[in-house]
Each structure stands twice: as C-alpha cells, then as structure tokens.
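**Q** structure for this input, please:
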Amino acid sequence: MALRRGFKTEATGVARDTRSELQLGPTAVFDPRALAAHLAIPILPLIDLSADASMAVRYFRSRGSGEFSAGTIFSDTERLIIYNDAHAPGRQANDLAHELSHALLFHEPTPALNAIGCRDWDEDAEDEADFLAGVLLVPDEVAIAVVRRGLSEEDAAAAYGVSVPLMRWRINVTGARKRVQRARQAWRRR
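**A** Sure, this is the predicted structure:
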C-alpha cells in the first residue's frame with residue numbers, strides 16, 4: 001500500500017473530525033452504521049435484493065462470498081451502499097467503513113466496469129479508503145489502549161467489533177507495542 005505523501009496524517013484528521021461529529025471519544029467503539037445514518041447514506045444488506053436477483057444473491061452469500069464485500073451505487077448525488085450480510089460482523093464493519101471512507105474522502109464515482117467489461121479499479125482510491133476505514137475503526141489511541149491493557153488481538157477485535165486481521169494490522173501499523181514499551185521504560189526511569 002503506497003499512499004500519497006501526507007495521507008496518513010490527513011486520514012487521522014478526518015477520523016478525529018468524524019468521531020467528534022458523532023460525539024465519540026478517541027477510544028469509543030465506532031459503528032459504521034451510525035456514520036451512514038449521520039451522512040444520510042442508506043445501507044442495504046445483500047439479502048434484501050433476493051426478490052430481484054435471487055441467483056446472484058445466493059451465489060455471493062455462499063460459494064462466491066469472497067467475490068463481493070460491499071459496493072456503492074450512485075444516482076446523481078445520492079449514494080446507496082450494499083454490503084454482504086453473509087460475512088462476519090467484524091468484516092461487515094470494515095466493508096461499510098471502507099465504502100463510507102470513499103464518501104468522506106470525496107472520491108469520484110467511477111463505473112464498475114471499463115469499456116471492455118473488466119472491473120475498473122482505482123488502486124490509490126481503494127488504498128486510501130482501506131487506510132481511513134482502519135483509522136476510523138481502530139484509531140491509534142485504541143491500538144495503544146489494547147496493548148497497554150494486554151488484551152489479546154481476538155479479545156480486542158471482539159470488543160471493538162472488528163476482525164482479528166484488522167486489529168492486528170492497526171496494532172502493527174501504529175507501532176503500538178513499541179510506543180507502549182517506550183512509555184513504560186520512560187516511566188521506570190523516573
């Protein structure tokens with residue numbers, strides 16, 4: 001993931017501002033559904049499309065579940081997020097936070113497929129949305145608190161409603177273990 005210079009700082013600011021708007025402290029559990037409601041972006045579980053596309057829904061909720069997590073549909077200035085409700089709740093939280101991150105970052109909508117029918121993919125926009133989703137769900141303060149309290153990644157993920165891989169990634173990318181270790185060493189030297 002190669003993010004543009006300064007993006008991590010920008011994402012941290014966006015996450016802090018967003019949490020503030022939602023009246024959440026830096027270590028409070030972040031609910032992407034609350035953000036969707038705040039932004040007036042409807043979210044729809046895939047199962048709700050069964051009447052219109054039963055075979056596709058059945059496929060993406062079973063054998064093809066790894067092929068669809070979430071997506072945003074645009075109509076003029078309106079957005080609708082569809083997410084795969086067959087995924088685990090922690091994965092759903094990340095998928096929703098990812099789609100909402102596109103909105104927070106004002107990413108321009110693009111068609112799902114290019115002119116020859118292949119998936120159109122803006123890797124930079126996807127990387128930015130991934131990073132911001134992680135910061136929204138597990139800010140630095142949460143990663144540090146988890147390490148400071150000695151919680152396992154599994155217990156921390158369950159407490160914050162995220163997946164274990166996301167919790168592990170945020171602990172690692174924030175350097176939480178080293179930061180807590182340095183703080184403890186500095187405190188002992190006093």
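**Q** return the distance of Pro45 relative to Arg19.
**A** Distance of Pro45 to Arg19, given as CB to CB, to the nearest Å: 25 Å. From N, CA and C alone the C-beta is placed, and that goes for glycine too.
**Q** sorry, wrong one. I was asking about Glu126.
**A** Remark: distance between Glu126 and Arg19 (CB to CB) = 23 Å.
**Q** what do you get for Ala112?
**A** 31 Å.
**Q** pick out whichever of those two has more residues nearby.
**A** The residue with more neighbours, out of Ala112 and Arg19, is Arg19; 20 against 11, by other CB atoms under 10 Å.
**Q** how close does that one get to Trp169?
**A** In terms of CB to CB, Arg19 sits 19 Å off from Trp169.
**Q** go on, Pro32?
**A** Taken as CB to CB, the span from Pro32 to Trp169 is 17 Å.
**Q** in stretch 52-65, what's buried?
**A** Buried residues in stretch 52-65, counted by 16 or more other CB atoms under 10 Å: Val57, Phe60, Arg61.
**Q** if you drop the residues flanking it in sequence, what lies closest to the second one?
**A** If the residues on either side of it in the chain are set aside, Phe60 comes closest to Phe68, at 4.4 Å by CB to CB, 6 or more residues apart in numbering.
**Q** burial of that neighbour, as a residue count?
**A** If we define neighbours as other CB under 10 Å, then Phe68 has 19 of them.
**Q** residues of stretch 176-189 that come out buried?
**A** Ala176, Val180.
**Q** average model confidence for that stretch?
**A** The pLDDT scores in stretch 176-189 average 91.
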